[in-house]
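all I have is the shape, not the residue letters:
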Ligand code: HEM
């Protein structure tokens, strides 16, 4: 029986996704070995073969290619895995409404345009002082409680939840509930029934948030979308859901795994402590080096497309293996080294092309302020357990640590 996650995204063989606990920042060893053999590969199970792209140039070609579809819910592969009846029950229209990361032009363009009107530089600039406050309040709580502390629940998980709550205009009285529901999304090894329950509760929360914004608009993205666009209520709730799902576990995992990586690279950490203005550069390098979209970014060909000499036939699935692409030696010098002062390198950690991450500026602000303040407030920060004892998410599509015990 296939679950929804597996239908939307091919489950790659373990050797291509499971990282070694002794080198938790590096891609799975099988993936690194494969990228040494060329930019495009045929992998996967015999009954579910996929193309895997590990080269930087080829990855950009696939992600910029209009003949490649992002509709992972209705791809030939997805439809072949379950009966039409089950497919319809697993992905009812209300589940698909507003989920524009799965749409192609022209539907995708309609949403992206509507959202671009809200995700402006000005809004990001206005949000920055609020994010500073959120980070400071969180670190006050960490300092008051510890040492030791677990940076996952105490720092990495609440920050993006509060930042996205701010973006969506969640009322102060509802923040606790919003945080609880968001944190529950990370419990990806919870029983399926519990996961379904959590996501439908969250959907209800978003539906009522949209009703509240229609009634009493504020200065937030949802109110702006409700006021300035023709998006329906279902679509607005779907957009809110997507922003949270796409933005929360990614940013949370980057914060925790990023802190872990810095603590395990004392020379790089020292550079950053000596020159705090490097933090923005360090964030880009951590995005590249850690590449948390561990299972990659999937597409399927609508027509035959030639990529890196391989012909991807209409209907076939292709996965851009971000962890390998971001370590492509033709593109990055000494790709397996973390260098916080590396000259800006073009990575695909936020994707590329029309679906390139809509929330990347917000994510950058949260990470920049988060890392800068963490290091400033806790100058003697260190891991409280040996590297091998830090538990990581192994089989998840977004890679990261489950907990991160620190002291100072
Ligand atoms: C799309 C990564 C944070 C919202 C994407 C994509 C990637 C990505 C790789 C492309 C998916 C594809 O091509 O199919 C990340 C990472 C983040 C992050 C690594 C944190 C470090 C955020 C945040 C938000 C967000 C904070 C919103 C608040 C979105 C949305 C899309 C997207 C809405 C879909 C865009 C589209 O289809 O046009 N993200 N993201 N992301 N991201 Fe992010």
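Great, that's in hand. Predicted model only: the values in this text are computed from it and were never measured. Numbering: from 1, shown residues only.

so how far is the ligand from residue 138?
Relative to the ligand, residue 138 is positioned 16 Å away (criterion: CB to the nearest ligand atom, to the nearest Å). In this view, the C-beta of every residue, glycine as well, is placed from N, C-alpha and C.

one more: residue 15?
On the measure of CB to the nearest ligand atom, residue 15 and the ligand end up 23 Å apart.

name the helix or strand for that residue, please.
Using DSSP states H and E, residue 15 maps to helix 14-17.

give me the buried positions along that helix.
16, 17 (16 or more other CB atoms under 10 Å).

just the residues contacting that helix, thanks.
With contact meaning CB atoms under 8 Å, 6 or more residues apart in numbering, helix 14-17 is reached by 28, 29, 30, 31, 34, 43, 52, 294, 295, 321, 394, 395.

run a quick neighbour tally on the fourth one.
So that's residue 31. When neighbours are counted by other CB atoms under 10 Å, residue 31 registers 26.

specify the local secondary structure of the closest residue to the ligand within the stretch 201-350 of the chain.
Per CB to the nearest ligand atom, residue 247 is where the stretch 201-350 of the chain lies closest to the ligand, at 2.8 Å. What DSSP: H, G, I helix; E, B strand; the rest coil gives for residue 247 is helix.

which residues in the stretch 251-400 of the chain form strands?
Under the criterion DSSP state E, counting those that start in this stretch, the stretch 251-400 of the chain carries strands at the ranges 297-301, 305-307, 310-312, 317-320, 382-383.

make TSV out of these and add distance to the ligand, mean neighbour count and mean pLDDT.
Compiled in TSV, the strands of the stretch 251-400 of the chain are given as follows (distance: least, CB to the nearest ligand atom, whole Å; neighbours: other CB atoms under 10 Å; pLDDT from 0 to 100):
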stretch	distance to the ligand	mean neighbour count	mean pLDDT
strand 297-301	5	24	97
strand 305-307	16	17	97
strand 310-312	17	18	96
strand 317-320	8	24	97
strand 382-383	22	15	97
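
next, format those strands as JSON lines and append distance to residue 259.
Shown next, in JSON lines, are the strands of the stretch 251-400 of the chain (distance: least, CB to CB, whole Å):
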{"stretch": "strand 297-301", "distance to residue 259": "25"}
{"stretch": "strand 305-307", "distance to residue 259": "36"}
{"stretch": "strand 310-312", "distance to residue 259": "38"}
{"stretch": "strand 317-320", "distance to residue 259": "27"}
{"stretch": "strand 382-383", "distance to residue 259": "9"}
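
please point out which parts of the helix or strand harbouring residue 129 sit buried.
According to DSSP H and E, residue 129 maps onto helix 121-145. Buried residues in helix 121-145, counted by 16+ other CB under 10 Å: 123, 124, 127, 128, 131, 134, 135, 138, 139, 142.

so what's the third one up against?
For residue 127, the set of contacting residues under the criterion of CB under 8 Å, 6+ apart consists of 163, 166, 167, 362, 365.

of those residues, which are in range of the ligand?
Contacts with the ligand are made by 167, 362 out of the contacts of residue 127, judged by CB under 6 Å from any ligand atom.

from the contacts of residue 127, which land in helices?
Judged by DSSP state H, the subset of the contacts of residue 127 located in helices is 163, 166, 167, 362, 365.

kindly provide the distance from the first one to residue 22.
Distance from residue 163 to residue 22, counting by CB to CB, to the nearest Å: 33 Å.

same check on the fourth one?
Counting by CB to CB, the gap from residue 362 to residue 22 is 34 Å.

out of these two, which sits in the busier spot?
Each of residue 362 and residue 22 has its neighbours counted (other CB under 10 Å); residue 362 has more, 24 against 8.
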